[in-house]
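Trainee: Okay, predicted coordinates and the sequence, questions at the end:
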Amino acid sequence: SAVISQKPSRDICQRGTSLTIQCQVDSQVTMMFWYRQQPGQSLTLIATANQGSEATYESGFVIDKFPISRPNLTFSTLTVSNMSPEDSSIYLCSVDLAGRSGYTFGSGTRLTVV
Amino acid sequence: TQLLEQSPQFLSIQEGENLTVYCNSSSVFSSLQWYRQEPGEGPVLLVTVVTGGEVKKLKRLTFQFGDARKDSSLHITAAQPGDTGLYLCAANFGNEKLTFGTGTRLTIIP
């Protein structure tokens, strides 16, 4: 299975600012996925990031708010822009190396917006 | 929109007891996974089931995939404090995306 390094692990940010979360994988992967987990809840897919193309966003998420970069097959970033307290969540990246047989997740970024 | 409902949402039991967690959908899924998530960590894959009626065992955990491929269950025998965590089912509905269930927060009391 893949090893994913995600950072920062946590941050406290002022409203109106932006935070960029980094995700580094130890293997080359075609697709990387970004999820949000609001306090006490399950995971919601934000977007799918393919190398060399624009990310595909799920309903309710837009590129202006959550811009994503995917410069190569092992790295991706998610930016949470113009933050408000409602953006306080855990953000997780994940990859699926073996084709639908199981996803590997980073340890998450716990974001608190004050 | 495909939804995965898990029940119960919260479960707190004594060490040594047995429990079952359920995952249900109104739509057929091509495969289903169970994950466990502990505080400060991402979800960790426990099992993947792909065949209707399939049963898989992982030590004290038994996973079942319904014949109609619209439901699954996780049974834990003789629960231990180390089983405490958030249990998530996640399904693939025939595309590249994984949809997560609503989650079951399990607490095992020593």
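Mentor: Nice, I can see it.

Trainee: and the residue in chain B positioned nearest to chain A, what does it touch?
Mentor: Closest to chain A within chain B is residue B:42: 3.0 Å, counting by CB to the nearest CB. Backbone N, C-alpha and C define where each C-beta goes, glycine included. Contacts here follow CB atoms under 8 Å, 6 or more residues apart in numbering or on different chains; on that basis residue B:42 touches A:4, A:6, A:92, A:94, A:105-108.

Trainee: Next: residue B:45.
Mentor: Residue B:45 touches A:102-104, B:33-35, counting by CB under 8 Å, 6+ apart.

Trainee: Please report phi then psi for it.
Mentor: phi -70, psi 130 (degrees, to the nearest 10).

Trainee: Show me which residues of chain A sit near chain B.
Mentor: A:4, A:6, A:9, A:31, A:33, A:35, A:40-45, A:48, A:92, A:94, A:96, A:100-108, A:110 (CB under 8 Å from any CB of the partner chain).

Trainee: ChimeraX command for the buried members of these?
Mentor: Entered in ChimeraX, the line below selects the buried ones among the residues of chain A next to chain B, by 16 or more other CB atoms under 10 Å in any protein chain shown:
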select /A:4,6,31,33,35,42,43,45,48,92,94,96,100,102,103,104,105,106,107,108,110
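
Trainee: follow-up on the earlier one: between the contacts of residue B:42, which sits nearest residue B:107?
Mentor: Closest approach between the contacts of residue B:42 and residue B:107, by CB to CB: residue A:108, at 20.6 Å.

Trainee: Check residue 73 and give its pLDDT.
Mentor: Because you didn't say which chain, this covers chain A. We have a pLDDT of 92 for residue A:73.

Trainee: wait, chain B
Mentor: pLDDT, residue B:73: 97.

Trainee: Quick check: the gap between it and residue B:83.
Mentor: Between residue B:73 and residue B:83 the computed distance is 15 Å (CB to CB, to the nearest Å).

Trainee: Check residue A:82 too.
Mentor: 41 Å.

Trainee: more neighbours, these two?
Mentor: residue B:83 (18 against 11; other CB atoms under 10 Å in any protein chain shown).

Trainee: what's the closest non-adjacent residue to the more buried one?
Mentor: Spatially, and ignoring its direct neighbours in sequence, residue B:83 is nearest to residue B:108 (5.2 Å; CB to CB, 6 or more residues apart in numbering or on different chains).

Trainee: Phi, psi for the one you found please.
Mentor: phi -110, psi 120.

Trainee: what's it in contact with, if anything?
Mentor: Residue B:108 neighbours (CB under 8 Å, 6+ apart): B:12-15, B:79-84.

Trainee: Sort out for me which of those are in strands.
Mentor: Those of the contacts of residue B:108 mapping onto strands are B:12-14, per DSSP state E.

Trainee: Tell me where the model's unsure across chain A.
Mentor: Low-confidence segments of chain A (pLDDT under 70): A:1, A:98-101.
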